[in-house]
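Participant: got a sequence here, can you build the structure:
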Amino acid sequence: MDLKTLKLRWAWTSAGALVMIGLLGWVGAPLDAAHYNILCLEFAPTAADVRRVVGAWSGAGALGAAGWLLALDYLFMPLYGFALSYGTRAARESFAPKGSRFHAILTAAAVLPLVAAGLDAVENLLEARMIFGGLAPDISGVAFAVSVIKTILIVVGLAGSVAGIAGWRMGRLRAV
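Facilitator: Modelled structure (predicted):
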């Protein structure tokens, strides 16, 4: 991919992800009003924690908003996945000489945000099952573990993207 294409794809996916963050925040407002946002469910490690969150949403009439939030998140996943991947590729091209070990590491790191987006899809399926289908014995623990791993991979992508922005601003981003 040439440099112009990388920058264009990075810009469009980043802009789309930012728009989706705003939309998800708006759709998720009823959950916040119930004093438990979607992250409270994502990081609920036990069935009792999940029951408390879902019960609060149910009592506030916010289960529909939770469903919409999970559904819209599927549009957000590829946007943030690719935006962070392109950002990490920009970091690679800015700071890692071709053929170096660092270049190989950043090449692998650029895939991690896409893996995170895939894990996010699994996480949402588990969350939908917990919200609308009742709790299976160990599903909350699995959902929690998937959420933690996804978040770590997103942080790696964010770090790569920040480095990519730095490389771009410093004039180090060269042809891919």
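Participant: now Val99: which helix or strand?
Facilitator: In this structure residue 99 is Gly, not Val. Using DSSP states H and E, no element contains Gly99; it sits outside every helix and strand.
Participant: next one, pLDDT for the nearest residue to Thr46 once chain neighbours are set aside please.
Facilitator: Nearest in space to Thr46, with sequence neighbours left out and distances taken as CB to CB, 6 or more residues apart in numbering, is Ser140 at 5.7 Å. In short, each C-beta sits where N, CA and C put it, glycine included. Ser140 is assigned 91 on the pLDDT scale.
Participant: now do the contacts for Ser140.
Facilitator: By CB atoms under 8 Å, 6 or more residues apart in numbering, the residues touching Ser140 are Ala44, Pro45, Thr46, Ala47, Asp49, Val50, Met130.
Participant: at 6 Å instead, please
Facilitator: By CB atoms under 6 Å, 6 or more residues apart in numbering, Ser140 lies in contact with Thr46, Ala47, Val50.
Participant: low pLDDT regions in the protein?
Facilitator: Where the chain drops to pLDDT under 70, the residues are 136-137, 175-176.
Participant: all helices of it, in order?
Facilitator: Per DSSP state H, the chain carries helices over the ranges 3-27, 29-33, 38-42, 47-59, 63-95, 101-109, 112-132, 139-169.
Participant: contacts for the fourth one?
Facilitator: Among residues not part of helix 47-59, those counted as contacts by CB under 6 Å, 6+ apart are Leu31, Ala34, Tyr36, Cys40, Leu41, Ala44, Leu63, Ala66, Met130, Ile131, Leu135, Ser140.
Participant: between those, which has the most around it?
Facilitator: Using other CB atoms under 10 Å as the neighbour criterion, Leu41 leads these with 27 neighbours.
Participant: so the closest residue to that residue other than its chain neighbours versus Leu69, what's the distance?
Facilitator: Leaving aside its sequence neighbours, Leu41 sits nearest to Val53 (CB to CB, 6+ apart; 5.0 Å). Per CB to CB, to the nearest Å, Val53 is found 13 Å from Leu69.
Participant: same question for Ala56.
Facilitator: Taken as CB to CB, the span from Ala56 to Leu69 is 15 Å.
Participant: got it, and Asp32?
Facilitator: To Leu69, Asp32 is 11 Å away according to CB to CB.
Participant: out of these two, which sits in the busier spot?
Facilitator: More neighbours surround Leu69 than the other of Asp32 and Leu69, with 25 against 15 (other CB under 10 Å).
Participant: list the contacts of the more buried one.
Facilitator: Leu69 sits next to Val27, Gly28, Ile38 when contact means CB under 6 Å, 6+ apart.
Participant: how does it look with 7 Å?
Facilitator: Leu69 sits next to Leu24, Val27, Gly28, Ile38 when contact means CB atoms under 7 Å, 6 or more residues apart in numbering.
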